[in-house]
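Engineer: need coordinates for the following:
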Amino acid sequence: MGESRKDDRRRMVERQIAARGIDDEAILRAFGEVPREMFVDEGMEEFAYEDSALPIQSGQTISQPFIVACMINAADISDGDRVLEIGAGSGYAAAVLSRIAREVFAVERHEALATRAVQRIDRLGYDNCEVILGDGLAGLPEQAPFDAILVAARFAEIPDALMNQLRIGGRIVMPVGGEEIQQLTVMVRTGSDAWARREIAPVRFVPLLKITVPEDGSRAASDHRALRDAPLPQVIADACHPLPPIDDPAFARAFDGFAEKRIVMLGECSHGTHEFYAARAAITRHLAERHGFTIVAVEGDWPDAAVYDRHIRGVEERSGTSPPFRRFPTWMWRNTVMPPFLERLRFINSERAEDAKVGFYGLDIYNMSGSVQAVLAYLDDADPEAARVARERYGCLTPWQSEPAAYGRAAMRNGFAECEEAVVEQCCELLNRSLEGDGGSFSAAMNARLVASAERYYRVMYHGGAESWNLRDSHMTETLAHLLEERGPDSKAIVWAHNSHIGDARATDMGAVRGEHNLGQLARERWGDEVALIGFGTHAGTVSAATDWDGERETKDVVPSRRDSYERLCHDSGVERFLLDLRGDHAVVRRLEEPRLERFIGVIYRPETERWSHYSEAVLPRQFDAYCWFDRTRALEPLTEHEPHDRGADTFPFGV
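Structural biologist: The predicted structure is shown next:
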């Protein structure tokens, strides 16, 4: 077990810290030395080296390793420095600091935390590190001045008491701001009363002290005592629009308020919930029939979705075409909701001109093999000589097409991307051909783009961090943009994707902590008010999911939502199904703006570790424009009990 932990620690340093640009050898060496598993609560050791914060006693957290590294890096600590840490917590950051600085003092106001931190540091024999029980807001004047002060808790501004305990030339690093998101800020003392300040990155920390604000209705002129004093579940119940059953036409009509948007994104908090698929199908049919939406773009691969697209357009399928959506998890797009939905779109299209037909498109990145085959099939018909050249360019991918993740391992070992230049050149040529008016090459060009993005994705995924996620969602955004351009200036799109893709990442730990962006954020930045982001949630029921990647589909019980989550607020409203509009500055939005936990279930569900596997902090009104709620839900049913799937390209290790 010890060697395994060392390997985990080494990978954490390489992928979470060094790969994100921190190259100070002293910092990397310190993180490689201190055993983080000693500083987490019992039973949480298996999560010690994950790229996230973890809970500890007294309602506090042990910070994400990268954030600790950022703070130490920003403080520019050397081996002769005396350092003060405010908010010692578990003692982990103080222990890491002690491997870099000459002397470390760490103040912690929770006695239980301070006691355990002392025990851990004593056990490791770090005798240049002292943990002190006290008020962090006051600092440690008896030991001042310090070369650096690191504050592991938020405050509205840097306290004067701490600033005055710095020597001239000293640095203080602290998250500054309100409850939602803070800015990691560096203040350098340049003289007796002179300071230089800079901001590093948005972060989210627990408060330095619990601030009590009088609730007398005076904070905003628009506050209303009745709404302020009412329990938040009751506020939700009063503000929401109750929904009838999904098969009632009035269900879809409730979403007419978003019909003027150019892009409507419909989420899901799991990839295996029947109600989410059925609701999106009903809303999509209604918007396509009544409001001119002609693009249905899904979190699926382009070549697979193209098979569905040809079916709903009434185009005869090419001979030899592989069945679509056969890789894990097949139930996402081969389930009992899809056939009647596709048949309805086919019926709608049967009465329309070609340029007014609804299309079904894949935004995602993984089916590299299917896209290579589609490009070559197009060129075999359109330009046999170009097909010959394309086969040569794609030749280096051929050994990897059935297992593209292996290409990523090989490219990483070799230190370069063998195929990058070739696949990008092929992509550019097909995009240019499409721009020159060869309409038949649009799909081929999209497939070529997928190959180029997938090649890069499988290279970068082994480095960990945000880059591979960001590449994937950037690809999905660009594909959506190409679709809107191809279908014309009046085109309108409906997007189906997981909440983690369509909810604005800036309002979640994804953006604030991990540096990730997503489709919803990029769409808002690109199209502004033309976009509506609608999240979906549930409290309990059953779900189709696997226990491990590429495992068998199981019907699993969904654990009832946590008491500190948005889902529990919705459940406690007592409304079985509802749509909650989150646009504007009204009372329910303001009441919901305190960060809370939100549940995310992908194709993997592990109830036994649900808090750390499936919950993340978010600010719901900033994440979505509306929220669609189903209190109890049931598992999505596959077309057959044991759907076959190819064991090739996949989204491992992300699972969403």
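
Engineer: tell me what the strand or helix carrying residue 147 is packed against?
Structural biologist: Using DSSP states H and E, residue 147 sits in strand 146-151. For strand 146-151, the packing partners by 3 or more CB pairs under 8 Å, 6 or more residues apart in numbering; DSSP states H and E come out as helix 65-75, strand 82-86, strand 166-177. For the C-beta atoms, the positions are set from N, CA and C on the backbone; glycine is no exception.

Engineer: export only the CA atoms of it, formatted as CSV.
Structural biologist: These are the backbone C-alpha positions of strand 146-151, laid out as CSV (Å, rounded to 0.1, in the frame of the first residue of the first chain):
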residue,chain,number,x,y,z
PHE,A,146,7.1,37.2,8.8
ASP,A,147,8.6,36.8,5.3
ALA,A,148,5.3,35.4,4.1
ILE,A,149,1.7,34.9,5.3
LEU,A,150,-0.7,32.4,3.7
VAL,A,151,-4.4,32.6,4.6
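
Engineer: now it: mean pLDDT?
Structural biologist: For strand 146-151, the mean per-residue pLDDT is 94.

Engineer: run a quick neighbour tally on the residue nearest to residue 268 when sequence neighbours are not counted.
Structural biologist: Spatially, and ignoring its direct neighbours in sequence, residue 268 is nearest to residue 276 (3.9 Å; CB to CB, 6 or more residues apart in numbering). By other CB atoms under 10 Å, the residues close to residue 276 number 26.

Engineer: and if you look at residue 142?
Structural biologist: The number of residues packed near residue 142 is 8, by other CB under 10 Å.

Engineer: quick one: strands adjacent to the strand holding residue 147?
Structural biologist: Strands that pair with strand 146-151, judged by DSSP bridges, come out as strand 82-86 (parallel), strand 166-177 (parallel).

Engineer: mean pLDDT lowest where, among those?
Structural biologist: strand 166-177 (a mean of 90).

Engineer: C-terminal to it, what's the next element?
Structural biologist: Next along the chain after strand 166-177, taking DSSP H and E as the criterion, comes strand 182-191.

Engineer: span of stretch 169-185 from start to end?
Structural biologist: End-to-end span of stretch 169-185 (CA to CA, to the nearest Å): 16 Å.

Engineer: which residues touch residue 166?
Structural biologist: By CB atoms under 8 Å, 6 or more residues apart in numbering, the contact set of residue 166 is 144-149, 172, 189.

Engineer: which among the residues you listed count as buried?
Structural biologist: Among these, those classed as buried by 16 or more other CB atoms under 10 Å are 144-149, 172, 189.

Engineer: now for residue 323, how many residues are close by?
Structural biologist: Around residue 323 there are 11 residues (other CB under 10 Å).

Engineer: sorry, wrong one. I was asking about residue 555.
Structural biologist: 13.

Engineer: partner residues bridging it?
Structural biologist: Residue 555 has these beta-bridge partners by DSSP bridges: residue 544.

Engineer: so where's the stretch 151-300 of the chain shaky on pLDDT?
Structural biologist: Under the criterion pLDDT under 70, the flagged ranges of the stretch 151-300 of the chain are 179-180, 201, 203-229.

Engineer: helices along that one, start to end?
Structural biologist: Assigned by DSSP state H, counting those that start in this stretch, the helices in the stretch 151-300 of the chain fall at 160-163, 225-229, 232-239, 249-253, 274-290.

Engineer: closest one to residue 309 among those?
Structural biologist: Closest to residue 309 of those is helix 274-290 (CB to CB; 13.6 Å).

Engineer: touching, residue 39 and residue 95? I think so.
Structural biologist: Yes: contact criterion CB atoms under 8 Å: residue 39 and residue 95 qualify, at 7.2 Å.

Engineer: just checking, residue 303 touches residue 361?
Structural biologist: No: look at residue 303 against residue 361 with CB under 8 Å: they stay out of range, at 10.7 Å.

Engineer: can you give me the distance of residue 532 to residue 53?
Structural biologist: Distance from residue 532 to residue 53, counting by CB to CB, to the nearest Å: 31 Å.

Engineer: what about residue 28, distance to residue 34?
Structural biologist: Residue 28 sits 12 Å away from residue 34, going by CB to CB.

Engineer: which one of these two has more residues nearby?
Structural biologist: Neighbour count, other CB under 10 Å: between residue 28 and residue 34, residue 34 has more, with 22 against 16.

Engineer: the more buried one: what's it in contact with?
Structural biologist: The contact partners of residue 34, taken as CB under 8 Å, 6+ apart, are 92, 95-96, 99, 124.

Engineer: where do the helices of the stretch 451-600 of the chain begin and end?
Structural biologist: Counting by DSSP H, counting those that start in this stretch, the helices of the stretch 451-600 of the chain are 467-487, 499-502, 509-512, 519-527, 566-572, 587-591.

Engineer: any chance of those in TSV, plus distance to residue 43 and mean neighbour count?
Structural biologist: What follows is these, written out as TSV (distance: least, CB to CB, whole Å; neighbours: other CB atoms under 10 Å):
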stretch	distance to residue 43	mean neighbour count
helix 467-487	28	20
helix 499-502	26	28
helix 509-512	22	22
helix 519-527	34	22
helix 566-572	23	22
helix 587-591	34	18
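
Engineer: do you know which of those helices lies nearest residue 248?
Structural biologist: Closest to residue 248 of those, according to CB to CB: helix 566-572, at 20.6 Å.

Engineer: who are the packing partners of the closest one?
Structural biologist: If contacts are counted by 3+ CB pairs under 8 Å, 6+ apart, helix 566-572 sits against helix 232-239, strand 531-545, strand 596-599, strand 626-633.

Engineer: show me what the first one is in contact with.
Structural biologist: The set of residues external to helix 232-239 that reach it, using CB under 8 Å, 6+ apart, is 227, 230, 569-575, 578, 580-581, 586-588, 591-592.

Engineer: give me the domain ranges for this protein.
Structural biologist: 2-203, 365-486 (automatic domain parsing).

Engineer: these: lowest mean pLDDT?
Structural biologist: Among the domains of the chain, domain 365-486 carries the lowest mean pLDDT, at a mean of 59.

Engineer: identify the bridge partners of residue 630.
Structural biologist: Here residue 630 shows beta-bridge partners residue 538, residue 577, assigned using DSSP bridges.

Engineer: check for me that residue 122 belongs to a strand.
Structural biologist: No: assessed with DSSP: H, G, I helix; E, B strand; the rest coil, residue 122 is helix; it does not lie in a strand.

Engineer: tell me the contacts of it?
Structural biologist: With CB under 8 Å, 6+ apart, residue 122 has no contacts at all.

Engineer: for residue 517, which of the strands paired with strand 146-151 is the nearest?
Structural biologist: strand 166-177 (20.3 Å).

Engineer: tell me the buried residues in that closest one?
Structural biologist: Going by neighbour count (16+ other CB under 10 Å), the buried part of strand 166-177 is 166, 170-177.

Engineer: same list (the residues you listed) but as CSV, adding distance to residue 355.
Structural biologist: What follows is those, written out as CSV (distance: CB to CB, whole Å):
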residue, distance to residue 355
166, 67
170, 67
171, 61
172, 62
173, 57
174, 57
175, 52
176, 54
177, 50
